Every structure is written in C-alpha cells, then in structure tokens.
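Asker: I'll drop the sequence and a predicted model, then ask my questions.
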Amino acid sequence: MRSLRLRLLAWTSLLLAASFALLGAVIDSGFEAALEQAQRDLLDSQIITLLAVSEPGEGESLALPYDMPEVRLNAPGSGLYASIRDNTGAAQWQSASVVGLDIEPAAPLPEAGQRLVTVQETSTGERLQAMTLGIVWQFDDTRSRYFALTVAESRASIEAQLRSFRGQLYMAFAAIAVVLLIAVAALLSWLLRPLGQIAREIRAVEAGERGSLSADYPSELTGVARNLNRLVDSETRRTTRYQQTLSNLAHSLKTPLAAAQSLLGERGDREDPVAEQLMRMQDIVRYQLARPAAAGGQLTGRGAVPILPELHALLDGLDKVYRDKGVSAELDVAENLSFDGDRGDLVEIVGNLLDNAYKWSERRVLLEARGDQAVLTIRIEDDGPGIDDVAGALERGTRLDETTPGTGIGLAVANELVAVYEGTLDINRGPLGGAQLTVTLPGGTSGGD
Amino acid sequence: MRLLLVEDDVALRESLTNQLLSAGYRVEQAADGEEGWYYASEYPIDLAIVDLGLPKMPGLELVQKLRESGRTYPILILTARDSWQDKVDGLQSGADDYVAKPFHFEELAARVNALLRRAGGWASAELDCGRIKLDTSKQLLTVDNESVELTSFEYALLEHLMIRAGDVISKTELTERLYDQDYERDSNVIEVFIGRLRKKLDPDGTLKPIETLRGRGYRFALARAGD
C-alpha cells in the first residue's frame, strides 16, 4: 500500500473491527446471562407460589386449584408452564397452559431440596428454560412422598430482548467507528499537510519561483527541509560552477581557435579544410554553450525583465552593425511588458532572431511583442527571401548560408533556448513576403498590458 | 590607414598584424588595455580593433574611455564572449561593430574596410567619383571603366585620399598613416607616389584628380558621385 493515509486508515479499521467484535461478544453474553438469571429468579418465585397453593389431596397426592393465581398458567400455550411429578416421573398435575403440548425431554428429577435448571423444547419448537425443585411432602408423621415441581418459561422474550439489544449495540458500534475513522482521517490530513507543503515548495524551487524551502515546518520535518535546502544550495552552486567552467573552457578555446584560423589565413590557403573544421568547432561550442546558460537561469531564479529596454538596445546595436544596409526597423511593444526569466536568455533569443532578420531583409524589419498573464509572444518579420528549409534552419548547427561563416546556427540556438522555457518557435512567411518568426513563451510575462 | 590592434594573445596578434600589413594598413600593436590606451592617446589612429577580454583594462572600459575622450574613429571589437548580451554591451559602450572569435581574416578585413569607408562618409564599398571608381572590397581601380593596376602602396595611398575625398590631408599624416618606418618620414617618397598615381589616373593630364595645396597637403578633387 503506497499511501500513508490508506495504510493508517486500513489499520485503524482492522483494529476497530477486531476490538468491537470482542467487545460485542463479551457484552452480548453478559447481557444474555443477566436475562437468564432474571428468568430464573422469576421461575423460582413461581415454584414458591406453586408450592404455596398446593394442598394434600386424596391418597398421597397433591391437589391444586383449578384456577391458578398466575393467569398465564391457565391459558393454553401462554409460554409459562408448570407440572408436578412423583418420584417415578409420572405427572401428578399439569397446568392448563400445557394442554396439547409435549415438552421434551422431560426434566430430570433432582434430589429433594435441590433446584435444577434445564433447557426444554415444546412440540411446537418453542424453547423453554425450566426449573425443577425436588421436595418431600410430609402428609403426616409417618407418610411422606417425593414430588418434583417444574416451572418452565419460554425463552422468546429473552431472545426478543437480546435481538433488540444487539441491534442497538451494533448501531452504537457503527456510529463510534464512523466517528473514529473520520477523526483519524482528519488527524491524518492535518499531520500530512506539511508534507504537501514541502512538495509544493519543492516544485516552486524547481520552477525557479523561490530560492529555498521555508523554515516553517513541524520539528519532525525541519531536518528534511534543512537538508533539502542544503541540496538545492549545493545543486545551484554546482550548476553555477559547471556553467562557469564550461563557459570559461569554451571562451578560452576561442582565442586559440581565432589564432589558428588567422595563421592558416596567413599561409594563404583560403579553402583549407582545417579552417572549415575550426569553424565547425566554433559552432559546436556556441550551440552547446547556449543550453547550460539557459538551465542556469532557471535554477538561480528568474526576475521580471522589462522587455522594451532590451529590445531598444538590440535594435540600436544592429542598426549600427547593419548601417550600410539602411534597414528600417519598426518596433511595436507595450511599455510595461516584461519577461519572467533570465535577461541574458531573452537577449540571446531575440538577438539571434533579429540578427537573422536584419541579415536577410531588403529594407524592413518588424518587431512586435504582445503579452498577457499566460503567454508572451514576440514576432519578428522581414522582407527578405524567407526561409524555405524550416526543419534545416532549426536543426542543430545547420548552416543555411554556407558562405557566411558562423551564421546559420543562430536560429538553432534560439530554438534551443525557447525549448528550455517550454515555448515554441514558429517559422512562416509573413505579410512582408519574408520570414516571420514567432516566439511563444508560456507564462513569460508578469507585467502584462 | 593606421590601425590600432589591442589583443593579448601573442599568436593571434602577430598573425593578424602580418595580414593587416599585407592588406596595406599600418598597424600599432598593444597587448593590454593600458598599452592600448597609450597608443590611442599618443598616435593618430584611423580605426581601433579591440579585444574585449584584455588584461589590466577590460576592452569595454577602453572603448568607453576612447569615446569619453572624444575619439570618434571606428572601433571594432573582437570577442570570445559572443552571447548577444556581450555584443549589445560592446555596441552600447561605443563600438561600431563586432567580430566573434574565431573568424576568417577576410571577414575582419571586410568589416575594417567597411568601417573606414563609412567613417569617410561612403555608404558602399565602391568609392565612386565619377570617372574614377575604387572598389575597396576587391581593391580594384577603374578609370573611365578601364581597370588600372596599382601596387599595394599606391592602392593604400589612393584609398586614403579617396575615402576622405574633398578633405585636405597633410603629407605628415599620409606618411604617418601609410608608413611604418620612421626614417622615411623626411624623404619625399609621398611626393614620388603622388606623381605616379597622377600618371596612372590621369595619363593625359585632363582630369587632375589630386590637387597639391602648397604647405598644406593633398586633396582628392573629384566630386563624389551623387553629391
């Protein structure tokens, strides 16, 4: 069983069922014994009454009145029966209520002065509790005779009382069990709430929404929270370190690469295949570098980056670089739009796409950004030839234009970065006739317009 | 044209210097930011190539300092850190263009050429002065649509004059910008080459493209096409 809640509820239910069964059995038999005892007391007093109304009759026999003081003895099948037998077991007298019934087996004959309690059954299947008292009747100084006085009463009332008692007992047990289970479930969810909170906070840390877990936990969990925080810390530090190491490695490789390329150039071999390999190395380094930088941004936390200043800076820079082309760029971005992420990642995504647009455009580049609470959309359009090989453009390290060194990788890098933010990059043909690149970043904006 | 190259990697610096020299530029080399600042302050410079990762003074700071001190010549940055953030930072600090390492020398040369041209007020690679046209990307001179052969020094001299067509350029400046060897400064080498250029550009003496202004220098006198 994988759920703590289910485990505890199952065990509690099992325990409740077992203890209620035991308790029920004890209470049930105790109550039954008490009822039987009460019936025996009643039988005893009936025997005493029977003895009181007995008179010596003809011969050595006992005579009893036709109308007994106890009316139930006079009505046939009333449930209360009495009989008097002699020492041979032959009936001397039977109450009127016994008429038409056989009571089996016959009660034993106890010694004089002894009471015996037995269970009988009538021919109609009624169960009886019977009490038999052995007596010796002294007719005069010399004559005496043994008699057995038996009074039996139906157990029907006992059983009816038992049934009703059991019904109440079971109802009470069920009510208690339900209340207990609800209480346990409530207790559980109260106990387990901090675990849910830890899970939520870990998700938030993972998403970069918070830096660490809060300190507000029950004492049993503070250790876990503290250790998790340490893990997050060391993970962040390690990622940063890896990122720096990677970045330093890549960047320190580039100057020797440039020197190697320049030396090759000096030898005058312009089509040197080694130079081509050097450019490939550069592309690989650049592409791989874009990824850890993006992942790092997520772990070390994001901020709401205002978009407009970054786009202005990019356009100013590209206007400088592409001054000879005389590209006119139109910017359509709301003032307060912001990007919920790493500033460098935003600049890298838009920079690569915008550079591509400037490179291929004839005269015009459009840049617009829209956002609401859920999605940030950045659209970049140019009036150049457009992109036919969309798959190839987004493929890792593919060059669309083999004659311009190190340029084809821009779209692939942007695509990788967009994917890290779980966004999409769509390439279409826009109204200007050239490429239209649409970046959609989910949850990208916090300011909105 | 006199270039300043600030790059701390010896192999790259020397190789680039060699290639820039054979492309007809004068080159001052500096190995760190402070040395770069020294050359930039002490020498007449037409364009600076600045690596961003420099010891002593970071490239960005050097570029900023150059701009703050009023130097307006083009600055090309070389950068190993080629994220867009780095490029934007470089361009915002005052640089005019960037080349990401590693690169083909041709790419660097094309950027240098374009920046120099642009600084002289030319929008395209062809310096078009009507009958005389100089294609700076192919290093090709045509006079009346006939191509004319030039030695590399002649080309450098003509390019310098034509890029700043209409401006008077002193003999000292030409010597400084075109010659590495100081001892030749006093010689009349410039006069000799101006004479040779005149013969090649204007064999029959009708066009008079290069004026001599006594005591002041020389001027490329043909109007720029479209002016």
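Answerer: Yep, it's here. Numbers count the residues shown, from 1 in each chain, chains lettered A, B, ... in the order given.
Asker: Now do the lowest-mean-pLDDT helix or strand in chain B: which elements does it pack against?
Answerer: Least confident helix or strand, chain B: helix B:171-178 with a mean of 76, by mean pLDDT, DSSP states H and E. Counting by 3 or more CB pairs under 8 Å, 6 or more residues apart in numbering or on different chains; DSSP states H and E, the packing neighbours recorded for helix B:171-178 are strand B:26-30, helix B:152-163, helix B:189-201, strand B:217-220. Placement of C-beta: from N, CA and C, glycine included.
Asker: Out of the ones you listed, which is closest to chain A?
Answerer: Counting by CB to the nearest CB, chain A lies closest to strand B:26-30 out of the helices and strands packed on helix B:171-178; the figure is 13.2 Å.
Asker: Distance from the chain centre to the helix or strand following that closest one, please.
Answerer: On the C-terminal side of strand B:26-30, the nearest following helix or strand under DSSP states H and E is helix B:33-42. Put simply, helix B:33-42 sits 18 Å off its chain's centre (CA atoms, centre = their mean, to the nearest Å).
Asker: now the next helix or strand after helix B:33-42 and helix B:33-42, what's the angle there?
Answerer: For helix B:33-42, the succeeding helix or strand toward the C-terminus, using DSSP H and E, is strand B:47-51. Angle, strand B:47-51 to helix B:33-42, by axes from the mean of the first three to the mean of the last three CA atoms, to 10 degrees: 170 degrees.
Asker: relative orientation of strand B:47-51 and strand B:26-30 in degrees?
Answerer: Going by the same axes, to 10 degrees, strand B:47-51 makes 30 degrees with strand B:26-30.
Asker: if we can go back for a sec, name the residues of the least confident helix or strand of chain B that are buried.
Answerer: Neighbour-count burial for helix B:171-178 flags B:171, B:173, B:174, B:175, B:177, B:178 (criterion: 16 or more other CB atoms under 10 Å in any protein chain shown).
Asker: And for stretch A:352-362?
Answerer: For stretch A:352-362, by 16+ other CB under 10 Å, it's A:352, A:353, A:354, A:355, A:356, A:357, A:358, A:359, A:360, A:361.
Asker: would you put the C-alpha positions of the host helix or strand of the fourth one in PDB?
Answerer: With the criterion set as DSSP H and E, the secondary-structure element containing residue A:355 is helix A:343-360. Output for helix A:343-360, consisting of C-alpha atoms alone and laid out as PDB, is shown next (Å, rounded to 0.1, in the frame of the first residue of the first chain):
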ATOM      1  CA  ARG A 343      17.700  38.600 -19.100                       C
ATOM      2  CA  GLY A 344      20.600  37.000 -21.000                       C
ATOM      3  CA  ASP A 345      18.300  34.300 -22.300                       C
ATOM      4  CA  LEU A 346      15.800  36.900 -23.600                       C
ATOM      5  CA  VAL A 347      18.500  38.900 -25.300                       C
ATOM      6  CA  GLU A 348      20.000  35.800 -26.800                       C
ATOM      7  CA  ILE A 349      16.700  34.600 -28.200                       C
ATOM      8  CA  VAL A 350      15.600  37.900 -29.700                       C
ATOM      9  CA  GLY A 351      19.200  38.800 -30.700                       C
ATOM     10  CA  ASN A 352      19.600  35.700 -32.800                       C
ATOM     11  CA  LEU A 353      16.200  36.100 -34.500                       C
ATOM     12  CA  LEU A 354      16.600  39.800 -35.000                       C
ATOM     13  CA  ASP A 355      20.200  39.400 -36.400                       C
ATOM     14  CA  ASN A 356      18.800  36.900 -38.900                       C
ATOM     15  CA  ALA A 357      16.000  39.300 -39.900                       C
ATOM     16  CA  TYR A 358      18.500  42.200 -40.500                       C
ATOM     17  CA  LYS A 359      20.800  39.900 -42.400                       C
ATOM     18  CA  TRP A 360      18.100  38.700 -44.900                       C
END
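Asker: Please save the CA atoms from the helix or strand just after that helix in CSV.
Answerer: Using DSSP H and E, the next helix or strand after helix A:343-360 towards the C-terminus is strand A:364-371. In CSV, the C-alpha atoms belonging to strand A:364-371 read as follows (Å, rounded to 0.1, in the frame of the first residue of the first chain):
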residue,chain,number,x,y,z
ARG,A,364,12.2,46.5,-43.5
VAL,A,365,12.2,44.6,-40.2
LEU,A,366,9.2,44.4,-37.9
LEU,A,367,9.4,43.6,-34.2
GLU,A,368,6.4,43.3,-32.1
ALA,A,369,5.7,41.8,-28.7
ARG,A,370,2.4,41.1,-27.0
GLY,A,371,1.7,39.5,-23.7
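Asker: and strand A:364-371, what other elements does it pack with?
Answerer: helix A:307-321, strand A:328-333, helix A:343-360, strand A:375-382.
Asker: Mind listing the strands it pairs with, and their directions?
Answerer: strand A:328-333 (parallel), strand A:375-382 (antiparallel) (DSSP bridges).
Asker: Need those strands in JSON lines (columns: mean pLDDT and mean neighbour count).
Answerer: Listed next are the strands paired with strand A:364-371 as JSON lines, based on pLDDT from 0 to 100; neighbours: other CB atoms under 10 Å in any protein chain shown:
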{"stretch": "strand A:328-333", "mean pLDDT": "86", "mean neighbour count": "14"}
{"stretch": "strand A:375-382", "mean pLDDT": "88", "mean neighbour count": "23"}
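Asker: ok so, going back, may I see the buried residues of stretch A:352-362 organised as JSON lines, with pLDDT and distance to chain B added?
Answerer: Formatted as JSON lines, those follow (pLDDT from 0 to 100; distance: CB to the nearest CB, whole Å):
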{"residue": "A:352", "pLDDT": "87", "distance to chain B": "7"}
{"residue": "A:353", "pLDDT": "89", "distance to chain B": "10"}
{"residue": "A:354", "pLDDT": "90", "distance to chain B": "9"}
{"residue": "A:355", "pLDDT": "88", "distance to chain B": "8"}
{"residue": "A:356", "pLDDT": "85", "distance to chain B": "12"}
{"residue": "A:357", "pLDDT": "87", "distance to chain B": "13"}
{"residue": "A:358", "pLDDT": "87", "distance to chain B": "13"}
{"residue": "A:359", "pLDDT": "85", "distance to chain B": "14"}
{"residue": "A:360", "pLDDT": "85", "distance to chain B": "17"}
{"residue": "A:361", "pLDDT": "86", "distance to chain B": "17"}
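Asker: separation between residue A:56 and chain B?
Answerer: 129 Å (CB to the nearest CB, to the nearest Å).
Asker: Let's see the pLDDT reported for that residue.
Answerer: Here, the pLDDT recorded for residue A:56 equals 85.
Asker: Is it in contact with residue A:137, as I believe?
Answerer: Yes. Using CB atoms under 8 Å, residue A:56 is in contact with residue A:137, at 7.1 Å.
Asker: shared neighbours, these two?
Answerer: residue A:62 (CB atoms under 8 Å, 6 or more residues apart in numbering or on different chains).
Asker: so what's the closest residue to chain B within chain A closest to, chain neighbours aside?
Answerer: Relative to chain B, the nearest point of chain A is residue A:351 (2.9 Å; CB to the nearest CB). Leaving aside its chain neighbours, residue A:351 sits nearest to residue B:84 (2.9 Å; criterion: CB to CB, 6 or more residues apart in numbering or on different chains).
Asker: In this structure the one you found contacts residue A:346, no?
Answerer: No. Assessed by CB under 8 Å, residue B:84 is found out of contact with residue A:346, at 9.3 Å.
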